[in-house]
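[1] only geometry, no sequence info:
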Ligand code: GLU
C-alpha cells in the first residue's frame, strides 16, 4: 500500500478539527501550506561534472511567528513529504507554545553518496536558492535527517556572506563555536526521554529496568537511547538502515555509540544477536521508539507491536490505520508533535541566544526544556482525559486551537 505523508498529515488534521468549532474558512486555511518553493539547481561534483538537484522549502503557516523547521537530505524526499513535515512543525511549535509557524525543507539526495566538498557545494547553492525565504525574522532552518551542525554552519556562512555580516540567528542546530546552543545536538533525544518518563509516571511503569527498543540510530535514536539508558532503562534493541541488534540483557549504549562512530553501523556490535528492522518493531517491550522515517508502523505490523508505549521520535512513523489499531489494542502513543518537540524547543533557545548574543548554561537549557515538555505533556493528557480522546488528537487539537486563535485575532488583511 502506498503511504503519502501529506495525506496522513491532512487526515490527522481532519480528524482533530472535527472536535473544534472553527469557522469553515479557518478550517480550510490551515489545511494547506501558505507557500511552497521548488528549486532545481546545479552543483559541481569532485570529478568536475555538474549535477542538477531538486530541493524544496515549504511554509505551512506564519500566524504565530517566523517559520521554523529543518532541512532534510534524503533520496526519497518529495514535495508532499516536505508539506507534511511543515504542517507538523506548525502544530509542534504551537503545542510547546514557542512563537513560530511551521516550515520545512528538503533536497532529493543521498548524502552518503557525496563527498564532504560536494555536500558543502550543494548546501551553499541550496541556501542561495532559498535565500528569498530564509532569514532570522522570517524562516529559520535547522537540521533534520541527513543534515547536521556542519551543514548548518555552511548555511549560516553562505547567508552571512550575502548579508555582509554574521547572522547566527538565521539557522539553529549550528556548532557551538559559531553561535550554536549547548544541548541542541542531544535535545530531541533527551526530549523523547522527558515525555516518555512522564508517560511512564502516569501509567505507573517504572523506568528503571524498563525494556526499550529503538528503531533508527541517528541523532534522535541514539540520543533517546542514551537518555533512557542513563535513566536506568534496559535498552534491549536498536537498529539502523542496515538492520538491528538485540540483547535481552540490555545494550551498553555509550559503548555502542562509540562503536557506531567508527564502524558506521550498529549491526557489527558483537554483544547481541542480529535481527531485522521488521523483527525489532515487534519485540516485547515497555517502550518502542520509532526514530527513523515515516510509515514504519502500518496496518501490516500494528497487530504485532508488543510495546506498552510507542514514543514517536520520528515524524509521522505511524499510519492512520496503524494508529487506530494501536489505540484499539490499548497501546499508549506519545505523538510525534509532542514526543520529538525537544529539538525545536532548544532551537528556539538557540535563536533567542543568537539574537541577544547572550548564552546560557547547559543546565539552564535542560531545565527549561524539561519544564516546557512536561507542561505540554500535561496539557495533552488533560485534554485527552476531559474529552475522552487519544493523545495525538488531543495534541493536535491544542495546537490547532492556538494557531486558529492567533489567525482570528490577526484577522484577514484585505490588500497586500
Ligand atoms: N527537524 C527537527 C524537527 O523535525 C527540528 C526542527 C528545528 O529545530 O527547527 O522537529
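    Yep, it's here. On a predicted model such as this, the values are computed, not experimentally measured, just so you know.
[2] contacting residues around residue 199?
    Neighbouring residues of residue 199 by CB atoms under 8 Å, 6 or more residues apart in numbering: 309, 311, 332, 334, 377. Heads up, the C-betas are built off the backbone N, CA and C, glycines and all.
[3] Give me the neighbour count for the residue of the stretch 151-300 of the chain found nearest the ligand.
    Taking CB to the nearest ligand atom, the ligand has its nearest neighbour within the stretch 151-300 of the chain at residue 172, 5.4 Å off. Neighbour count for residue 172, taken as other CB atoms under 10 Å: 30.
[4] can you pull the pLDDT of the residue in the stretch 101-250 of the chain that the ligand sits nearest to?
    Proximity of the stretch 101-250 of the chain to the ligand (CB to the nearest ligand atom) peaks at residue 142, 3.2 Å away. Looking at residue 142, its pLDDT reads 98.
[5] burial measure for residue 275, as a count.
    For residue 275, using other CB under 10 Å, the count is 18.
[6] Touching, it and residue 243? I think so.
    Yes - between residue 275 and residue 243 there is a contact at 7.0 Å, judged by CB atoms under 8 Å.
[7] mind checking the SS state of the residue of the stretch 1-150 of the chain found nearest the ligand?
    When you check the stretch 1-150 of the chain against the ligand by CB to the nearest ligand atom, the closest residue turns out to be residue 70, at 2.7 Å. The three-state label given to residue 70 by DSSP: H, G, I helix; E, B strand; the rest coil is strand.
[8] which residues touch it?
    85, 104, 105, 141, 142, 143, 144, 145, 147, 173, 343.
[9] And the helices in the stretch 201-350 of the chain, which stretches?
    Per DSSP state H, counting those that start in this stretch, the stretch 201-350 of the chain carries helices over the ranges 219-230, 253-263, 277-281, 320-328, 336-339, 342-356.
[10] tell me which parts of the stretch 151-300 of the chain are close to the ligand?
    Neighbours of the ligand within the stretch 151-300 of the chain, by CB under 6 Å from any ligand atom: 172, 173.
[11] I misspoke; the intended subject was the stretch 1-150 of the chain.
    68, 69, 70, 92, 142, 144.
[12] Check whether residue 317 really touches residue 298, as I assumed.
    No - with contacts counted by CB under 8 Å, residue 317 stays clear of residue 298, the gap being 9.6 Å.
[13] of the two, who's got more company?
    Higher neighbour count among residue 317 and residue 298: residue 317, with 28 against 17, using other CB under 10 Å.
[14] Could you report the separation of that one from the ligand?
    Using CB to the nearest ligand atom, to the nearest Å, residue 317 is found at 12 Å from the ligand.
[15] same check, this time on residue 367
    For residue 367 relative to the ligand (CB to the nearest ligand atom), the value is 19 Å.
[16] quick one: low-confidence parts of the chain?
    For the chain, the stretches flagged by pLDDT under 70 are 1-2, 415-416.
[17] Which single residue in the stretch 201-350 of the chain comes nearest to the ligand?
    Closest point on the stretch 201-350 of the chain to the ligand, by CB to the nearest ligand atom, is residue 347, at 3.2 Å.
[18] burial of that residue, as a residue count?
    Neighbour tally, residue 347, other CB under 10 Å: 28.
[19] what sits against it?
    Residues counted as contacts of residue 347 (CB under 8 Å, 6+ apart) are 68, 140, 142, 172, 173, 181, 184, 187.
[20] From those residues, list the buried ones, please.
    The neighbour-count criterion (16 or more other CB atoms under 10 Å) marks 68, 140, 142, 172, 173, 181, 184, 187 among the contacts of residue 347 as buried.
[21] Let me have these in a markdown table, adding distance to residue 97 and secondary structure as columns.
    Formatted as a markdown table, the buried ones among the contacts of residue 347 follow (distance: CB to CB, whole Å; DSSP: H, G, I helix; E, B strand; the rest coil):
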| residue | distance to residue 97 | secondary structure |
| --- | --- | --- |
| 68 | 13 | strand |
| 140 | 17 | strand |
| 142 | 18 | strand |
| 172 | 17 | coil |
| 173 | 20 | coil |
| 181 | 19 | coil |
| 184 | 19 | helix |
| 187 | 16 | helix |
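[22] from the residues you listed, which single one is nearest residue 353?
    Comparing the buried ones among the contacts of residue 347 against residue 353 with CB to CB picks out residue 181 as the nearest, at 5.8 Å.
[23] List the contacts of the closest one.
    Residue 181 is in contact with 172, 346, 347, 349, 350, 353, 359, 360, 365, counting by CB under 8 Å, 6+ apart.
[24] Give me the phi and psi for the last one.
    Here is the backbone geometry of residue 365 (degrees, to the nearest 10): phi -60, psi -50.
[25] so it makes contact with residue 183?
    Yes - judged on CB under 8 Å, residue 365 makes contact with residue 183 at a distance of 4.2 Å.
[26] okay, and the common contacts of the two?
    Here residue 365 and residue 183 have 346, 349 as joint contacts, going by CB under 8 Å, 6+ apart.
[27] No further queries at this time; thank you.
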